[in-house]
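> Can you look at this prediction? I've put the sequence above it.
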Amino acid sequence: MTAAVTAQAQVKARQTPLELALRRFRKNKAGVLSAWVLAFMYLVALLSGFLAPYGITTQHEEFPFQRPQAVHVMHGDKLMRPFVYGFTKTRDPVTYLSTFAEDKSKPLPIRFFVRGDQYNFLGVFKSNIHLFGVQDGYYFPLGTDKFGRDLLSRTLVGSQVSLTVGLIGILISFSIGMVLGGVSGYFGGWVDNLIQRVVEVLLSFPRLPILLALSTIIPAKWPSTWVYLGIVAVLALIGWAGLARVVRGQVMSARNVDYVQAARALGSSDLRVILRHIMPNLSSFLIVTATLALPGYILGESALSFLGLGIKEPMTSWGLLLKDAQNFETLNLYPWLLLPGLMIVISVLAFNFMGDALRDAADTQSR
């Protein structure tokens, strides 16, 4: 028993800190599952044009607010390949609301690799091949919105905006926070006082009001791509202050460590000391912080788009799609419009679980 414990201790001693961290991370089942969920969601976002059966602007005016179509394999007593039934539209004489009933006279087989609306595959070349669809009819797996646009297609393509706004925002805000926080903590003096006063001013404002105020600066006539970049810039500009303060404290602690003092005594430049000796020790902290900060960017973009101050048509995002479900009456009649909200919940929870797992894995004192 003692020999086995000794051999296990020797194996651990030969492992690098990164290998030990990965080993601790793999023991967290929720964190690993969340990582796989996020990897799948980003893969779907990358291939959304191919996976979506229709374009996000394609309108089927005769099918507004159509409920999701169920998949069948039995047509009467006959076993068939998976298919759906088309819908016949009627109008209620009392409420004047459109209702849809399955037309069981003609099954519509679901086929793979069908031709449809054109899209940019991986942003490189144009294609009109979609993963699935039907011929001589329509297939709306998750129903349609008030303009007859396929909700599944808009949700898939909208994930590109909702999931990437956090990555780009983190890249910008962390670059600002690391530089200003590092300079503030390393040099101190009047530079530290100036940067910290700016940080305190930014942190003194409530997040949502300043977010709304900055978003109103974005001109309404801007193209959709410019609006997207503007939203990312707004989220990044208010997201770096907290990180800068934490990085300052970390750098102030690290600059007094023996090996940093030795490097400075040997004549190393300030830039070399910061990049080679201080920042590498902050890498695990920054990775964990970035992972835990990503949900805030997703929720921030969703809130702005939901309130009409974020992503604009013809682009789409999960927050913009939720704008169609703003009242109880709509949700009661068309509950499938809440699907984008479910995607927000799943992605935010996955990031939080994975961030907690990374934080535990990066903790060198954990067992």
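Received it, and whenever you're ready, just let me know what you need. Residues are numbered from 1 along each chain as shown.
> So residue 341 versus residue 347, what's the distance?
As defined by CB to CB, to the nearest Å, residue 341 lies at a distance of 11 Å from residue 347. (Each C-beta comes from the backbone N, C-alpha and C, glycine too.)
> actually residue 338, sorry about that
For residue 338, the distance to residue 347 - CB to CB - is 15 Å.
> These two - which one has more neighbours?
Counted by other CB atoms under 10 Å, residue 338 and residue 347 do not tie: residue 347 has more neighbours, with 25 against 15.
> residue ranges with poor pLDDT in the stretch 151-300 of the chain?
For the stretch 151-300 of the chain, not a single residue meets the criterion pLDDT under 70.
> Show me where it has its helices.
In the stretch 151-300 of the chain, the segments counted as helices under DSSP state H, counting those that start in this stretch are 151-187, 189-204, 207-215, 224-237, 241-254, 258-265, 270-273, 279-306.
> Make TSV from those helices and add mean neighbour count to it.
Output for those, formatted as TSV (neighbours: other CB atoms under 10 Å):
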stretch	mean neighbour count
helix 151-187	22
helix 189-204	13
helix 207-215	16
helix 224-237	19
helix 241-254	20
helix 258-265	13
helix 270-273	13
helix 279-306	20
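> of the ones you listed, which approaches residue 105 most closely?
Nearest of these to residue 105, taken as CB to CB: helix 151-187 at 25.3 Å.
> what helices or strands is the closest one leaning on?
helix 29-46, helix 48-51, helix 189-204, helix 224-237, helix 241-254, helix 279-306, helix 318-322, helix 339-362 (3 or more CB pairs under 8 Å, 6 or more residues apart in numbering; DSSP states H and E).
> Show me the contact partners of the shortest one.
Outside helix 48-51, the residues within contact range by CB atoms under 8 Å, 6 or more residues apart in numbering are 44, 119, 120, 121, 127, 129, 130, 131, 156, 157, 159, 160.
> what sits up against stretch 238-250?
By CB under 8 Å, 6+ apart, the surrounding residues in contact with stretch 238-250 are 169-170, 172-174, 176-178, 180-182, 184-185, 192, 195-196, 198-199, 202-203, 205, 207, 210-211, 214, 281-282, 285, 289, 293, 296-297.
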